[in-house]
Every structure is written in structure tokens, then in C-alpha cells.
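Participant: Sharing a model that was predicted from the sequence below.
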Protein chains: 2
Amino acid sequence: MDNFNFYSPTEFVFGRDRETEAGEYVRKYGGSKVLIHYGGGSAEKSGLLDKVRKSLKESGISFAELGGVQPNPRDTLVYKGIELCKAENVDFILAVGGGSVIDSAKAIAAGVCYDGDFWDFYSGKRVEKALPIGVVLTIAAAGSEGSGDSVITKEDGMLKRATGSDVLRSKFSILDPALTQTLPAYQTACGATDIMAHVFERYFTNTREVEITDRLCEAVLLTMVKETPRVIVDPNNYEARANIMWAGMVAHNGLVGVGRSQDWNSHGIEHELSALYDCAHGAGLAVIMPSWMEFVYKHDVMRFCQMATRVFGCQMDHEHPEVTALEGIRRFREFLHSIGMPINFAELGAKEEDIPNLVEKFGIGDGRTGGFVSLSAEDITAIYKIAVNAKV
Amino acid sequence: MDNFNFYSPTEFVFGRDRETEAGEYVRKYGGSKVLIHYGGGSAEKSGLLDKVRKSLKESGISFAELGGVQPNPRDTLVYKGIELCKAENVDFILAVGGGSVIDSAKAIAAGVCYDGDFWDFYSGKRVEKALPIGVVLTIAAAGSEGSGDSVITKEDGMLKRATGSDVLRSKFSILDPALTQTLPAYQTACGATDIMAHVFERYFTNTREVEITDRLCEAVLLTMVKETPRVIVDPNNYEARANIMWAGMVAHNGLVGVGRSQDWNSHGIEHELSALYDCAHGAGLAVIMPSWMEFVYKHDVMRFCQMATRVFGCQMDHEHPEVTALEGIRRFREFLHSIGMPINFAELGAKEEDIPNLVEKFGIGDGRTGGFVSLSAEDITAIYKIAVNAKV
């Protein structure tokens, strides 16, 4: 196990109707003038925003509002949010939504405390200071409610870039699984895929002897394999939604990946797809991740056998471990397809002829990247090509 | 899943030689005058205390010292610590040791900020304020490095009582697995048993549909089943020590038990053994926990089958689930015995004729207690009796 620090100071407030406590928690964590940040009309239509407004008022907290966050959240709205916060003397940002809203809120929180262009933080500069943020989560997917990460897309050129810092971790995150019951099956499945990908990016490691984090990773994956089909069939299944929602947090607050090398190439390779086609991140991951696995599995066949047997219930073929490894990948792709995810370029709406463009935007040049298997531009091209024709 | 809050704000600093950073972390969390609190001579002999002193000096932090914490830490030393802290204007307590030292440090931290008798907190009063504490952990066992809990024994009458509060959670906890390599096999096994018990006390629940926490519990248990025998055979196995040390934290910072009813009767029933005989808590648990399981398993046979199949690798007997449930319990006890733990009264040094006294001290009277199976004094007597003659 490698040396590490683990720090996850967010207070998680989980369960039915907990969003009515938003005002109380803003107050507990020192907010007096809040920016409510949200996405499209669903939070308004469902009555969630009204509940949050009421809760803030009851706690004597005034607020401004900024809606309109899109999936793959844009820099343009972040600039607008920063200006609004400065004009209104906002001291706390409350993100009401999913990963895109939270990521946008984090960008605004950092930008308000910085004299330069907030995009600097998405170009390598470290965030040292940010306004405190809180979260009312509406989608189980990104894990941003428990992480210090944020991904923003620069509209000019559709560049998708990430930043991360402990100061971006939310003070509290309210997770009410009932809020996710209205989510359509497709978005639910995209979220589930993202959660599983967050675990797999940590699972495939070159660090030896990391049984505890292996087992924690598998705990989340096994839960997703069991619970996801249940909410696809019955969107109102509160218990299954609850298990998925907590699994989504555990998948990405850092715990399951401490002390081991990680490999975020699938996320990176996918980011170019969602930036170019504006598709859902989870859908892109369903296309890329099994393809990445097929490309890299020979690097550590036994690790893929472990996934196959422990997560996907395969019988180990001790004479032919490669058969077991490939069967595990096949079952993963089959699982993704069964929950309604695209698994190849055509199903996603991506085009083979865009591959050179995707690889160029990935921006690796003559370099290599990856903590499990180091990939060149040529390798990434090969992975996109596997994804073009993938089948169950 | 039940509604819950989860809050674990401790910064965990994990890995080789991290104890040399103690001064830096005390400073980061605002300490300027420290009480170094520790146990017997081993921290001195091993050179650990000198490393910690050096680190504090290098960070310009002055300190007082109080050693002598015993296993099952006593109120008498806590009173001494409170006085010392007040006399020396201590503003931060650094616990260097295992669960007993950390629990004693928490009691002192609460007592310094309170005008009354600190024992009030161990008699039902809630801790609202405490000095900040930090930890350099030397034993993987109690999980006190990541919890807000503390257990103290009142010397007058050997009453063992607990308290818990988020303000008692340490600011930082340094976990260097190498520090545990000098631990004798018996104490190592006691620690492993305690870790597994912390999980089982959460695992046996009446809350339905808690797959994610079930799986997280099983992740810790599977890790312990794999790694513990390795350190018994080879105490210097750093990797196995590292897995156990992190598992010990995960087992008890709250994560694996959120959103579900729990049952801490095995801990309670054991506490009377270690209070009366001053035996190791883990050894007492090895005697009590499988006996408790045998007494209660009929309450939810399928949950014990889940433990048997998922944790102890039993084949499910679908025609006779009780056979599988009992086989799981049998394998658990066998496992404990294989790592050198006592499994009955004689091996622990306890006496059957003390049972009425043990039950009386448990203090349940005509009441009942337990979140999984509600037990009367008669039931507790029966469990002690199972433990008298338990065999592998």
C-alpha cells in the first residue's frame, strides 16, 4: 500500500425529506447570504426549489438565485455566477442538482475568491481558497457531493477540463433518495455507469497488496450490479435508490482508492466524446470503459479475473485465466446494455471519422498517460476503434 | 435504509514514517501547547516518543507529558490529566498509542472544558466541547482513531462505561503500519477480533434493504479473514499490517453502519468480562461474540447464511438454511481459535460461578436491550453459559 492522506470532512445528511433542513445546515456552516445554483426547470417544477427557499427563509437566510446549468457545465455561466456573487455579497453557495450543478458551484466558489480568471484553476493552478458550498443532490452519479473535484467545459472549443482541491469539498451534502425517483431510466442508468466507472478507475492499479480497497471497490460494484436493474424496472423503489445514492458517494469521496495507483484514462477518453457530441458522460463511459478493458486486460489478467469472479460471478477457469478475464468484461458490457446504455459509437451517436479529431483534442501529442497501462495517441485511437464496433 | 447523518472530518495520515509529521499536523490544527499522552514503556523503548518529541520541537510546539495509560483505561489517570492540562495551559492533546490511550485522551479533552466531574459524560451527559486531539496510532484494533467514542473504567467498582460525540473525533490521525509490527501475536489477534466485532455489531440489523452497508461490512470482514493469519505467521508483513490498520479505521468511523439499526450487546456483555478480569477486550469478544451468535441466529437465519456464504465461503444449503447459518458461526469461532484467541471461559481465565455477578454488573435489571435481538438478564446469562463450554 502506498502512503496517503484521506480527508472527507463533509457532513452527509441522508434520507427522506432532509432537503427541508437545508437552511439549518447553511446556518450551521456559517452562511448568511446564499446563492442557490441549479440547472433546468425540473427542480422548479418538482417543488424542490420552493422547499429549499422555504427552508432558507425559515432560518433567516437571504439568497440570490442562478439557474440554467447545463450537463457538461459551461464556463460562461460560471463567469456569470462569479459576478453575481460579488455584486450580491454572497458568502455561501448552495448547489441544488446533480454533478453538473455542483461542479459549476465549485467553480464559482473558487472564482469569487480569486482576482484572476477562474479558468486558471482548470489549466493547472491549484485552488487555495473558495467560498463554502453546500449541496442538495438530485442525481446519483458524479459523486461531486463528496469529492473536491470539478469538471467544467470551456464553450469556446468545447474543452472539458478538471480541477480538484480539499477546499472545494462541500460543508454538507443532503442526499434524499426520493428526489431521484423522478429521474428517467436513461439518466438513472447513465448515473449508475458513472458510479461504476469511478470505482473501476481506482480498481485497476499496479499497486500490490491492497485487499482492503479492492474489497471496498467490489462492495460498491456488487451493490450497483444488484440495485441498478431494480430501479430501471421500478423507478419508485426508494430502497434501491437509497443504496445507489450512498454507493455513488462512497465511489468517489476517495475512500475506495487510497494508497494505490489509479488510472483515469477511460474518463479522459470519454470526456472528449461528451465534449464533442454533448452526450451524457455515463453513456460515453458505457461505450469506452469495456473497450478500454479489452485493450489493456493482458497487462494484468489476474486482476481482471478477480473482477470477473468477485463482481460478475464468473467461475474461474484456472487453466485459461484469459477466458475468465474476457468473460468478466463481456458481462460488464452486457450489464450496461441491459440497463439501456449504448455500448458502441452508433448507439451513442458518435462517428468513426471523428476519431482523429477526438484523439487530437485529448491532447496527448507524443506523450503517454495512465497509471495502470500507459497509453499513447495510437493506443487511444485503438480503444476508440474497439468502441466503434463493440457488441454484446 | 433509515435516515442518517455521517460525519468523519478527521484527516488520516497513513503510511511509513508519517509519525515524523506529527508536529506539522498539530500546528495545522491549531495546537501550540500539547499534552503527549501515552501508555506503558513500549512507546519510549521503541523510540517512537522521541520521534514525536523531535517532530513537535521542530515545529516550535512545546509540550507536557503524561504516560501510564493502562488497557481498560482508568478514570484516576483521566483526573490527573485534566489537572495537568489546566496547570500547563495545554490546548491540544496528542494521543500516542492504541485505543486505551486515545479513549483516555478524549476523556481528558472533554474534562478540561467542563467545570463538573468528567464522569458525568460517561453517565449519560452529552459532550458539547472538548480540546482538539490528534493521534499517533500504534495498534490496529479499537478504531478510536476515527470515531467519536471513548470507553473509560471507573476504578472504584471497575465500572466500564462509554460516551460518544462528534467533538471527540480527532483532528488528525497518523497511521503507520510499521509501528504495529512489534506487537506480539496475541495482542495483534485481539485487535483483529475487535475490528471484526465492530463490523458484526453493525452487520446484524433488522433494517431491510441495506445492500451497500452489508457489502461494505463484508469488505472489511473478508480483508480481516485474509490478512490476519498472515501477520500472525509473519509479524513483519508490512502490507498485511497496512490492510488491517486501514480496515480497523473503516470498521469503526461509522461508514459501514449508517442507515441501519445496530446491536452492541456483544460489546456490552464482553465489557463486564474485561472489567472483572482485566483481560484484553478482543479476547473477551472472541469468547462472547460467537456465543451471542449461537443464541440469536434463529431470529434471522438468512442473515447468518449471508455471513456464512459471503464472508466464510460456505456453500449455501438451500434445503437446510440453519445448517449453513450454524456452519458460518462455527467457521468464525474456528478462525478466532486459529489466530490464537480464547473461545471459552477457561481459555480466557473466567469462571462460571461469576456469571450472576457479571449479569448484575451489566445492570439491565428487569429491562431488555439490543437492536437486533432484545435480550433480558436471563438471555445474557444463557449467552455467558454458552461461552463457558464453547469448543471448536
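Facilitator: Sure, I can see it. Numbers count the residues shown, from 1 in each chain, chains lettered A, B, ... in the order given.

Participant: Regarding chain A, what is its longest strand?
Facilitator: Ranked by residue count under DSSP state E, the longest strand found in chain A is strand A:4-14.

Participant: Quick one: the strands in chain A, in order.
Facilitator: Applying DSSP E to chain A gives strands spanning A:4-14, A:33-38, A:62-66, A:92-97, A:133-137, A:149-154, A:159-164, A:172-175.

Participant: Strand B:4-14 and the longest strand of chain A, what's the angle between them?
Facilitator: Orientation check (axes from the mean of the first three to the mean of the last three Cα atoms, to 10 degrees): strand A:4-14 against strand B:4-14 gives 180 degrees.

Participant: if we compare the strands of chain A, which one ends up closest to chain B?
Facilitator: Among the strands of chain A, strand A:4-14 comes nearest to chain B, with 3.9 Å by Cβ to the nearest Cβ. In short, each C-beta sits where N, CA and C put it, glycine included.

Participant: Tell me what angle the longest strand of chain A forms with strand A:133-137.
Facilitator: Strand A:4-14 runs at 60 degrees relative to strand A:133-137, counting by the same axes, to 10 degrees.

Participant: Which strands border strand A:4-14, and is each parallel or antiparallel?
Facilitator: If you go by DSSP bridges, strand A:4-14 pairs up with strand A:172-175 (parallel), strand B:4-14 (antiparallel).

Participant: how about JSON lines for the strands of chain A, with mean neighbour count added?
Facilitator: Formatted as JSON lines, the strands of chain A follow (neighbours: other Cβ atoms under 10 Å in any protein chain shown):
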{"stretch": "strand A:4-14", "mean neighbour count": "20"}
{"stretch": "strand A:33-38", "mean neighbour count": "24"}
{"stretch": "strand A:62-66", "mean neighbour count": "17"}
{"stretch": "strand A:92-97", "mean neighbour count": "28"}
{"stretch": "strand A:133-137", "mean neighbour count": "30"}
{"stretch": "strand A:149-154", "mean neighbour count": "23"}
{"stretch": "strand A:159-164", "mean neighbour count": "18"}
{"stretch": "strand A:172-175", "mean neighbour count": "26"}
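
Participant: could you dump stretch A:150-162 to CSV, C-alpha only?
Facilitator: The C-alpha coordinates for stretch A:150-162 follow below in CSV (Å, rounded to 0.1, in the frame of the first residue of the first chain):
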residue,chain,number,x,y,z
SER,A,150,-15.0,19.8,-10.5
VAL,A,151,-15.1,19.5,-14.3
ILE,A,152,-16.0,22.5,-16.5
THR,A,153,-16.4,22.8,-20.3
LYS,A,154,-15.0,25.9,-22.0
GLU,A,155,-17.6,26.7,-24.6
ASP,A,156,-15.0,28.2,-26.9
GLY,A,157,-13.6,25.0,-28.4
MET,A,158,-15.7,22.7,-26.1
LEU,A,159,-12.6,21.9,-23.9
LYS,A,160,-13.5,19.8,-20.9
ARG,A,161,-11.1,20.2,-18.0
ALA,A,162,-10.9,19.3,-14.3
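
Participant: Return the distance of the longest strand of chain A from the chain's centre.
Facilitator: 16 Å (Cα atoms, centre = their mean, to the nearest Å).

Participant: what about the helices in the stretch 1-150 of chain A?
Facilitator: Per DSSP state H, counting those that start in this stretch, the stretch 1-150 of chain A carries helices over the ranges A:22-28, A:42-45, A:48-58, A:75-88, A:99-112.

Participant: Report the buried residues of the shortest one.
Facilitator: Neighbour counts using 16 or more other Cβ atoms under 10 Å in any protein chain shown place residue A:43 of helix A:42-45 among the buried residues.

Participant: what do you get for stretch A:330-337?
Facilitator: Along stretch A:330-337, these residues count as buried under the neighbour rule (16+ other Cβ under 10 Å): A:330, A:331, A:332, A:333, A:335, A:336, A:337.

Participant: And stretch A:168-187, by the same measure?
Facilitator: Under the neighbour-count criterion of 16+ other Cβ under 10 Å, stretch A:168-187 has A:168-180, A:183, A:186-187 buried.

Participant: any idea which of the buried residues of stretch A:330-337 is the one closest to chain B?
Facilitator: For the buried residues of stretch A:330-337, the nearest to chain B is residue A:335 (16.0 Å; Cβ to the nearest Cβ).
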